[in-house]
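Colleague: Give me a 3D structure for the following:
(2 chains)
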Protein chains: 2
Amino acid sequence: MVESAEKTEDVEGEGLTAEELRDAWPVLDSEERLEGFHLLPRDDAEDFFLELSSRGQASVLLGMPTRERRAWLRLLPPDDVADLCAEFPPDGRGELCSLLDDPTRREVNALLAYAEDEAGGLMNPRFARARPEMTVEEAIRYVRRQAQDKLETIYYTYVLDHEQRLLGVVSFRELLLAPGDKLVRDVMHEDVITVPEEMDQEAVARIIAQHDILAVPVVDAERRVKGIVTVDDVVDVVETEATEDIQKIGGTVALDAPYMQTSVAQMIKKRAGWLMVLLVGQMFTISALSLYQEQFATAIVLVTFLPMIISSGGNSGSQATTLVIRAMALGQVRLRDSWRIVRRELVSGLFLGGLLALLGLARIVVGEWLAHEYGSFYLDLGLAVGISLLAVVMLGTLTGALLPLLLRALRFDPASASAPMVATMLDLSGVLIYFNVARVVLAGKLL
Amino acid sequence: MVESAEKTEDVEGEGLTAEELRDAWPVLDSEERLEGFHLLPRDDAEDFFLELSSRGQASVLLGMPTRERRAWLRLLPPDDVADLCAEFPPDGRGELCSLLDDPTRREVNALLAYAEDEAGGLMNPRFARARPEMTVEEAIRYVRRQAQDKLETIYYTYVLDHEQRLLGVVSFRELLLAPGDKLVRDVMHEDVITVPEEMDQEAVARIIAQHDILAVPVVDAERRVKGIVTVDDVVDVVETEATEDIQKIGGTVALDAPYMQTSVAQMIKKRAGWLMVLLVGQMFTISALSLYQEQFATAIVLVTFLPMIISSGGNSGSQATTLVIRAMALGQVRLRDSWRIVRRELVSGLFLGGLLALLGLARIVVGEWLAHEYGSFYLDLGLAVGISLLAVVMLGTLTGALLPLLLRALRFDPASASAPMVATMLDLSGVLIYFNVARVVLAGKLL
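Modeller: Below is the predicted model of the structure:
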């Protein structure tokens, strides 16, 4: 972070507010962050710390002496501690864990065994529970007692049998509204929506969003509840997954940190790979063009339309690929819909390509009328350009739509079908289509 | 929806489950949907109805007789009714409203006055409230009573004065844990995070996500609470906004409905506009190429590298533009960071362009060694291609990064800087750079 010098004065002044620090945060280095953090009143500092990302919390803790670290660490629920550990340099993790009390350390270690992007890695192991044979009044008292122990939410109480297996769920509101002497078993809902521990976090997010619930329990194969994923965790997941998809669509490997916090060297590394692959892809275009060198030497005017034709393929392909990638990410489109997607895109491509073909033809006709740019065969030239546009756009929509489906079928991430990748594929096909159409249409005329 | 025939059998069979209907939903027409809906057991049907999008709820209600409609409509909280009204054909809205009871109708009409994408259009006017002079025990009883009246959440209780102005907030959990005889005023938090009625929904979502809260109160200029926005509404907002951005980045006008529910005609309309604008943009490339026609007629080999050079500019520009658009959407980057972004992108462009320049040069050297493709001036040709790649990639990263910033400065949506738009701008600049570099480097040699 060499670029942060101009911001430092704001932070070193006395009487810093959380708002000011939050604004300056992205451009501060870790020393300045810790300094600013220490200038906040204790209450504000606590709120500020809890709102930070795990990465931000790690950067603050790293600069602190051990004694101070312990106090801050104990503010966090176990799932947040686990996330923080994952952001810590590996050699510091053991020491960090030694600062926790025994039960929390056990919970954190259990959470760290899960992959970060699955339900188990996202869940909080502390949740409100009750037994089916309790009365409503007993359950309310029991949940109130549990609430003292840093529960993330008391909104849902999960009803468990003696082996911790899930029997049902009842919302705290329902407990409050029910007669106090009724049994929990008689007010609970037995059809609980659950997710398995290894479910991908995107799928968990979709389930919570679709069912409009505030939390979903994570269960193992024996239906024992291991923890809950709450809706506020899911907001972050939805946002992060969309960010990764957008970056991939743009042809970058997904960044690990916000744009401004990513060093320029990291940024170059994340972008160079695809750019080089795409450039190598373009070498096929070079070879293809070499094949047609003699052809366009005799009708050099053909070359002037080349970028328009190949780019139109790339543009229509980029539209189709982003639409299909997003529809797949939202679960609106599945592999078995492929055939219907192909039909939709073919019809779209036919109309869109036809439209562009007419525009391209018009350009040539007008150019000829106004400036006699193209000579007596201008209509044939227009026909060649128009047919090529139609064919390239149709191929573009089709390639753009099929590529993410194909990637999914091969178990790759559909979002890897970036706009630049589709455009590069269409550059090559565009050259082949254009010069072959020209060869047929203009035979004995321009060629 | 002509394509739904193959799915119909599943739905017409008896004993349909909600899961089966949910799966088939996207491909059913509205008659089939209503039919399937009526086959569900009443309880499942209620859950299913509540989980549907407003659009889906509207399509179900539209097919029902008035009497049946009333029962379903009354299941919904006022903010959901307002959303549903917005999806209803305008001439049916009055009739729909007449089915509501008086207080709900007033609430719905008040909500309909807000724009759909601002805090006021997203909020629920029913929330738990208490007075500062109540005891904790009284407040708990009062909230329990309010809970019977379809509150969306009892998680937070907002403490209001006699003019409905916000004094503080206390979570239900805090009420439960506090001594019953304490006053609400002494347990509440006075530093409440609030949002104004006209705040954009994306900004509201960011505030809820950033502060990790379950709901935020919407207040007017006098700090009177008009309603609350809950975190589950925000998940939908985050998802919808990301979808719109992805579609725009791909060069499509954002769709109003899921991909499969959008008719092919609609789809063509949403895509044709940009494709035609981009094609017209390409006409400048045609004119530019016409200018250099004589030049490349004498060195036809130059043309074979043209697509590679112009596409590399588009690719690097597409990377930069998607990274900056997303960083802006997440609030990580603001207009005042422009200068730092420019510096970052210039450095990145220098390295990335240098890398591609070396690859391009290598391609020509290897081509000459292996097949004598380029003759005695091959090193000069390689130099011209390399310099052009470097310049085009640097211009690409810079244009891609600056375009969304410029759009924001002009108060347009930064996401309008689509990958195809950047690519088209780079096609023209690429042609100009390439042929001018070639003119200088190859003067007296190939040219």
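Colleague: For beta bridges, what are the partners of A:His189?
Modeller: A:Val169 (DSSP bridges).
Colleague: What residues does it make contact with?
Modeller: A:168-170 (CB atoms under 8 Å, 6 or more residues apart in numbering or on different chains). Placement of C-beta: from N, CA and C, glycine included.
Colleague: Now tell me what touches stretch A:339-348 from outside.
Modeller: Residues contacting stretch A:339-348 (CB under 8 Å, 6+ apart): A:320, A:324, A:333, A:394, A:397-398, A:400-402, A:405, B:3, B:27, B:260, B:264, B:267-268, B:271.
Colleague: Which ChimeraX command selects the buried ones in these?
Modeller: Remark: buried members of the contacts of stretch A:339-348, expressed as a ChimeraX selection using 16 or more other CB atoms under 10 Å in any protein chain shown:
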select /A:320,324,333,394,397,398,400,401,402,405 /B:27,260,264,267,268,271
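Colleague: Helices - which of the contacts of stretch A:339-348 land there?
Modeller: Under the assignment DSSP state H, the contacts of stretch A:339-348 contribute A:320, A:324, A:394, A:397-398, A:400-402, A:405, B:264, B:267-268, B:271 to helices.
Colleague: Of the residues you listed, just say which sits nearest to A:Leu177.
Modeller: A:Val324 (46.0 Å; CB to CB).
Colleague: residues touching the closest one, list them.
Modeller: Taking CB under 8 Å, 6+ apart as the test, what A:Val324 contacts is A:333, A:341, A:400-401, A:404-405, A:414, B:259.
Colleague: do A:Glu19 as well
Modeller: Per CB under 8 Å, 6+ apart, neighbours of A:Glu19: none.
Colleague: which SS class is it?
Modeller: Under DSSP: H, G, I helix; E, B strand; the rest coil, A:Glu19 falls in the helix class.
Colleague: Need the pLDDT of it.
Modeller: Listed pLDDT for A:Glu19 reads 77.
Colleague: same deal with A:Arg334?
Modeller: Reported pLDDT for A:Arg334: 86.
Colleague: Can you list the low-confidence ranges for the stretch 301-447 of chain A?
Modeller: Applying pLDDT under 70 to the stretch 301-447 of chain A flags no residue at all.
Colleague: Now do the helices in it.
Modeller: Assigned by DSSP state H, counting those that start in this stretch, the helices in the stretch 301-447 of chain A fall at A:301-304, A:306-329, A:338-371, A:378-409, A:419-441.
Colleague: Buried deepest among those helices, which one?
Modeller: Greatest average neighbour count among the helices of the stretch 301-447 of chain A goes to helix A:306-329 (a mean of 30), per mean count of other CB atoms under 10 Å in any protein chain shown.
Colleague: Contact partners for the closest residue to chain B within the stretch 301-447 of chain A?
Modeller: Closest approach between the stretch 301-447 of chain A and chain B, counting by CB to the nearest CB: A:Thr322, at 2.7 Å. Shown in contact with A:Thr322 (CB under 8 Å, 6+ apart): A:249, A:419, B:246-247, B:249-252.
Colleague: Find me whatever residue is spatially closest to it, sequence neighbours aside.
Modeller: B:Gly250 (2.7 Å; CB to CB, 6 or more residues apart in numbering or on different chains).
Colleague: okay but the one you found is in contact with B:Ala419, surely?
Modeller: Yes. The criterion here is CB atoms under 8 Å, and B:Gly250 meets it with B:Ala419 at 6.7 Å.
Colleague: Quick check, pLDDT for A:Gly168.
Modeller: 95.
Colleague: For it, give its distance to A:Ala139.
Modeller: 12 Å (CB to CB, to the nearest Å).
Colleague: now A:Ala128
Modeller: 9 Å.
Colleague: Tell me the residues of the stretch 101-250 of chain A that contact chain B?
Modeller: A:144, A:147-148, A:151, A:153-155, A:172-173, A:176-177, A:205, A:208-214, A:231-232, A:234-236, A:238-239, A:242-243, A:245-247, A:249-250 (CB under 8 Å from any CB of the partner chain).
Colleague: so what sits against both of A:Ala128 and A:Ala139?
Modeller: Common neighbours of A:Ala128 and A:Ala139 (CB under 8 Å, 6+ apart) are A:Thr157.
Colleague: still on that earlier bit, just so I know, which of the helices of the stretch 301-447 of chain A lies nearest B:Ala221?
Modeller: Across those, closest to B:Ala221 is helix A:306-329 (CB to CB), at 38.2 Å.
Colleague: tell me the angle of the closest one relative to helix B:306-329?
Modeller: Put simply, helix A:306-329 runs at 40 degrees to helix B:306-329, going by axes from the mean of the first three to the mean of the last three CA atoms, to 10 degrees.
Colleague: tell me the SS of A:Val216?
Modeller: strand.
Colleague: Which helix or strand contains the most centrally placed residue in chain A?
Modeller: The residue lying closest to the centre of chain A (CA atoms, centre = their mean) is A:Glu241, at 1.9 Å. Here A:Glu241 sits within helix A:231-249, counting by DSSP states H and E.
Colleague: Which neighbouring elements make contact with that helix?
Modeller: Packed against helix A:231-249, as judged by 3 or more CB pairs under 8 Å, 6 or more residues apart in numbering or on different chains; DSSP states H and E, are the following elements: helix A:201-211, helix A:306-329, helix B:201-211, helix B:231-249, helix B:306-329.
Colleague: Figure out which of those is closest to A:Gly56.
Modeller: helix B:201-211 (11.4 Å).
Colleague: Off-centre distance for that closest one?
Modeller: Offset of helix B:201-211 from its chain centre (CA atoms, centre = their mean, to the nearest Å): 14 Å.
Colleague: which helices and strands sit right next to it?
Modeller: helix A:231-249, helix B:119-122, strand B:195-196, strand B:215-219, helix B:231-249.
Colleague: what would the ones you listed look like in a markdown table with mean pLDDT and distance to A:Leu76?
Modeller: Compiled in a markdown table, these are given as follows (pLDDT from 0 to 100; distance: least, CB to CB, whole Å):
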| stretch | mean pLDDT | distance to A:Leu76 |
| --- | --- | --- |
| helix A:231-249 | 87 | 14 |
| helix B:119-122 | 87 | 30 |
| strand B:195-196 | 95 | 27 |
| strand B:215-219 | 94 | 22 |
| helix B:231-249 | 87 | 20 |
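Colleague: Quick one: these as TSV, columns for distance to B:Leu39 too.
Modeller: Listed next are the helices and strands packed on helix B:201-211 as TSV, based on distance: least, CB to CB, whole Å:
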stretch	distance to B:Leu39
helix A:231-249	31
helix B:119-122	33
strand B:195-196	42
strand B:215-219	36
helix B:231-249	27
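Colleague: Nearest approach to B:Leu160 belongs to which of these?
Modeller: So among the helices and strands packed on helix B:201-211, strand B:215-219 is nearest, using CB to CB, at 9.8 Å.
Colleague: Does that closest one reach chain A?
Modeller: No. Using CB under 8 Å from any CB, strand B:215-219 never reaches chain A; the gap is at least 10.5 Å.
Colleague: So in that sheet, which strands flank that strand, and in what orientation?
Modeller: strand B:195-196 (parallel), strand B:225-230 (antiparallel).
Colleague: From the chain's centre, how far out is that strand? Work that out for me.
Modeller: 22 Å.
Colleague: Please enumerate residues in contact with it?
Modeller: With CB under 8 Å, 6+ apart, strand B:215-219 has contacts from B:119-120, B:123, B:127, B:153, B:155-156, B:158, B:166, B:169, B:192-197, B:199, B:204, B:207-208, B:225-231.
Colleague: What's the PyMOL syntax to select whichever of the residues you listed are buried?
Modeller: Restricted to buried positions by 16+ other CB under 10 Å, the PyMOL selection for the contacts of strand B:215-219 reads:
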select buried, chain B and resi 119+120+123+127+153+155+156+158+166+169+192+194+195+197+199+204+207+208+225+226+227+228+229+230+231
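Colleague: Show the contacting residues for A:Ala209.
Modeller: A:Ala209 touches A:234, A:238, B:232, B:235-236, B:239, counting by CB under 8 Å, 6+ apart.
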